[in-house]
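S.K.: Here is my input; please provide its structure:
(chains A and B)
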There are 2 protein chains.
Amino acid sequence: MNYGIAIFPSKPIQDQANAYRKRYDPHYALIPPHITLKRSFEANDDKLDELITEMKHIANETDRFTIHINKVSTFSPVTNTIYFKVEPVQALMDLQAKMHVDKFEDNNEHPFVPHITIAQDLVHDEYSDVFGRLKMESFQFEDTIDRFQLLYQLDNGSWTVYETFVFGKEQV
Amino acid sequence: MNYGIAIFPSKPIQDQANAYRKRYDPHYALIPPHITLKRSFEANDDKLDELITEMKHIANETDRFTIHINKVSTFSPVTNTIYFKVEPVQALMDLQAKMHVDKFEDNNEHPFVPHITIAQDLVHDEYSDVFGRLKMESFQFEDTIDRFQLLYQLDNGSWTVYETFVFGKEQV
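M.R.: Here you go, the predicted structure:
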């Protein structure tokens, strides 16, 4: 089964992201707006049990932290994804790093750039138009992060939450 | 904010349900296939904290149980919803009942009929056609339930998981 690990930001941020995703992101219906901590990886049941224990340890040693979003950015020219840039606070970088060492496979494809995707797979002209417009706009979001979620992927490509890990509160 | 409580069945059941939902359920993109334990209710942050503690107590006193799906059924003529009928084992009935007493508002609109919706809001002819076909088919699913999920609703009508409660394992 394919699993992934993500943070869902608060409702106001998800609502604002969805206002764009509905028009500009073909993954709109597959998963709520999120910060990917660990991209899709395969695990069998035994391996998953082991990783869930690790995730509980990670959650317990993580303190809640604040994230800030101040602008949209893009991965262009690598991909024309447009996203809310999440300022890379150390607590978030550390959390993500812990899911790519020891018992976790390091399946990073790129250095970690925290973000919430709001548009992807656009044709070039639409990308230019949307990004040109959004980069002029002001976005100011602040959110407290106190949990992350383990998800698995269904055959239709959508994601279902399997388990939530709340910082400082998991019984191992 | 609007919250709800649900069980997500295992991936094989979700995949089979989605094969129908994709064509016959306009809520397909809003939430994965699920058994609703408590329909949408409003709560502020203080009330939610109180209910989360209750849900942890409920999870801790619940043992994992098995559910069986043997057929599709319908709420017709009340609504023309078509669903996988989940056999009403006592453990599931008890679990649902606990979320409608004491600190929980009793927001039941009908007696609890455990089910996984696979079609709804069809026009009459399509309903008759789909139900006529599906009631002749054989469905045999068995699943072990060991958790439930608290979700909140976004402005677009979709649901995001806030927290998972695993039977026998929550730290209160």
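
S.K.: what packs against the lengthiest helix in chain A?
M.R.: If you go by DSSP state H, chain A has its longest helix at helix A:45-60. Here helix A:45-60 is seen to pack against strand A:147-153, strand A:159-166 when contacts are counted using 3 or more Cβ pairs under 8 Å, 6 or more residues apart in numbering or on different chains; DSSP states H and E. In this view, the C-beta of every residue, glycine as well, is placed from N, C-alpha and C.

S.K.: so that helix versus strand A:147-153, what angle?
M.R.: Note on geometry: by axes from the mean of the first three to the mean of the last three Cα atoms, to 10 degrees, helix A:45-60 and strand A:147-153 are set 160 degrees apart in direction.

S.K.: Look at A:Val123 and report its pLDDT.
M.R.: As predicted, A:Val123 sits at a pLDDT of 94.

S.K.: now the one 5 residues further on
M.R.: pLDDT for A:Ser128: 96.

S.K.: swap in A:Leu30?
M.R.: 97.

S.K.: for it, what are its contacts?
M.R.: A:Asn156, A:Gly157, A:Ser158, A:Trp159 (Cβ atoms under 8 Å, 6 or more residues apart in numbering or on different chains).

S.K.: Would you mind checking these for buried ones?
M.R.: Buried members of the contacts of A:Leu30, scored by 16 or more other Cβ atoms under 10 Å in any protein chain shown, are A:Asn156, A:Ser158, A:Trp159.

S.K.: what's in contact with the longest helix of chain A?
M.R.: A:1, A:3, A:5, A:43, A:95, A:98-99, A:102-104, A:147-148, A:150, A:163, A:165-172.

S.K.: before we move on, the earlier item: list just the nearest of the contacts of A:Leu30 to chain B.
M.R.: A:Asn156 (5.2 Å; Cβ to the nearest Cβ).

S.K.: For the closest one, what are phi and psi?
M.R.: phi -80, psi 0 (degrees, to the nearest 10).

S.K.: Surely it touches B:Ala17?
M.R.: No: using Cβ atoms under 8 Å, A:Asn156 makes no contact with B:Ala17, being 10.4 Å away.

S.K.: Show me the subset of the contacts of helix A:45-60 that also lies near chain B.
M.R.: Residues of these in contact with chain B (Cβ under 8 Å from any Cβ of the partner chain): A:Met1, A:Arg147, A:Glu163, A:Val166, A:Lys169, A:Glu170, A:Gln171.

S.K.: biggest separation within those, which pair?
M.R.: A:Met1 and A:Lys169 (25.9 Å; Cβ to Cβ).

S.K.: can you pull the pLDDT of the nearest residue to A:Gly168 once chain neighbours are set aside?
M.R.: In this structure, A:Gly168 finds its nearest non-sequential neighbour in A:Asn60, 5.9 Å apart by Cβ to Cβ, 6 or more residues apart in numbering or on different chains. Looking at A:Asn60, its pLDDT stands at 97.
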